[in-house]
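Asks: Sequence and predicted model, in that order:
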Amino acid sequence: MTASTSKRTVRIATRASSLAMWQAEHVAGLLAAQRPDVTVEIVKISTRGDRDLKEPLHAMGGQGVFTREVQHAVLDGRTDLAVHSLKDLPTQSAEGLCLAGVPERGPRFDALVLPAGAGVGSFEELPEGARIGTGSLRRRAQLLHVRNDLEMLEIRGNVETRLRKLDEGEYDALIMAVAGLERLGLQDRISQVLEPPLMLPAVGQAALGIECRDDDEEVIGMLAAISDPVARAEVVAERACLATLRAGCHAPVGTLTRLDLESRTLTIDAVVLSADGQQRVDASESGSVADADVCGRRVAEALRENGAEALLTPETDND
Ligand SMILES: NCc1[nH]cc(CCC(=O)O)c1CC(=O)O
């Protein structure tokens with residue numbers, strides 16, 4: 001027999017930023033290792049969030065500004081799957097697509113980043129009134145909760161652009177995801193990792209979400225094979241919490257999920273704040289890993305019972 005069968009090609013849709021490209025190439029590598037019989041190609045897609053760099057993200061209708069056009073490239077058949085930062089992916093799934101892949105998750109906390117040459121410094125040492133660059137309502141509210149002297153300033157652009165603006169003196173510090181910095185080889189820019197209870201990560205932070213057409217059994221199988229059950233259970237719980245809280249409303253929300261593999265118990269801590277950080281409501285729930293979604297919904301209900309209702313104003317946000 002001659003090996004004349006042509007290799008199947010799987011096309012990956014992604015944004016073109018260097019972080020998105022790292023993530024798409026990472027997934028391409030996972031797929032290639034799993035399926036040596038498949039050729040993987042990456043197709044770059046421009047999104048509204050990449051093109052419009054003036055508007056604050058939370059004013060842009062919030063949800064889906066980095067994901068919608070990438071999803072369309074799967075729906076119209078130009079590509080077979082889309083790789084997203086899961087925290088940018090709306091909890092309401094797009095018609096015709098399914099979230100079939102969640103690979104192993106990266107480090108999920110946020111970091112304090114200081115201007116180049118500022119030396120080592122910590123959040124506690126920031127001077128009175130320090131200018132912090134972050135458009136994320138979640139990061140702003142959690143910092144303001146403990147330091148209401150800080151000046152929160154909008155910042156847009158990809159990771160490299162943000163660091164340049166910081167180094168040019170526009171800000172005294174940035175808050176950025178550890179995972180994004182590490183993926184770009186910029187871990188030496190991390191001055192301090194901000195951990196709970198000061199800073200709870202975004203829902204899905206440091207996880208990748210891979211979508212494909214919901215009737216594409218072959219690709220669904222490939223994505224199942226590169227998924228991590230721990231990461232999947234965590235993000236199912238976190239996204240169930242967010243979806244239950246929101247139903248059209250948006251407020252700063254943070255979550256932290258841990259999984260005890262021995263007892264197969266999942267614990268989710270969640271926090272909701274007012275935009276100015278003055279009010280903060282938290283809750284925690286545990287349950288079986290098999291019922292991750294139930295656990296997520298329960299923690300959302302517990303937040304409401306603890307008084308989060310009043311904070312869930314109809315605004316939009318991003319992370
Ligand atoms: N909001 C943009 C975004 N989307 C995903 C990441 C980094 C990777 C992740 O947190 O999943 C970032 C950069 C950042 O928040 O600093």
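Replies: That came through, no problem.

Asks: Tell me which stretches of the stretch 1-150 of the chain form helices.
Replies: Assigned by DSSP state H, counting those that start in this stretch, the stretch 1-150 of the chain shows helices spanning 18-34, 48-51, 68-75, 137-146.

Asks: do the stretch 151-300 of the chain as well
Replies: Counting by DSSP H, counting those that start in this stretch, the helices of the stretch 151-300 of the chain are 159-167, 178-183, 217-225, 229-246, 292-305.

Asks: Now tell me what touches the fourth one from outside.
Replies: Among residues not part of helix 229-246, those counted as contacts by Cβ atoms under 8 Å, 6 or more residues apart in numbering are 86, 91-92, 102-105, 203-204, 207, 209, 251, 253, 255, 257, 259, 261, 266, 268, 270, 272, 289, 292-297, 299-301, 303-304, 308, 312. In short, each C-beta sits where N, CA and C put it, glycine included.

Asks: what's the answer for stretch 150-164, then?
Replies: 17-19, 53-57, 113, 126, 129-135, 140, 143-144, 165, 170-171, 174, 176, 180-181, 184, 186, 189.

Asks: For it, C-alpha coordinates in PDB please.
Replies: Provided in PDB are the C-alpha atoms of stretch 150-164 (Å, rounded to 0.1, in the frame of the first residue of the first chain):
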ATOM      1  CA  LEU A 150      -5.400  55.100  44.200                       C
ATOM      2  CA  GLU A 151      -6.200  56.700  40.900                       C
ATOM      3  CA  MET A 152      -7.600  54.200  38.400                       C
ATOM      4  CA  LEU A 153      -6.900  55.000  34.800                       C
ATOM      5  CA  GLU A 154      -8.100  53.400  31.600                       C
ATOM      6  CA  ILE A 155      -5.600  51.500  29.500                       C
ATOM      7  CA  ARG A 156      -6.100  49.700  26.200                       C
ATOM      8  CA  GLY A 157      -3.900  47.800  23.800                       C
ATOM      9  CA  ASN A 158      -2.000  44.600  23.800                       C
ATOM     10  CA  VAL A 159       0.400  43.500  26.600                       C
ATOM     11  CA  GLU A 160       3.500  45.000  24.900                       C
ATOM     12  CA  THR A 161       1.700  48.400  24.300                       C
ATOM     13  CA  ARG A 162       0.600  48.600  27.900                       C
ATOM     14  CA  LEU A 163       4.100  47.900  29.200                       C
ATOM     15  CA  ARG A 164       5.500  50.600  26.900                       C
END
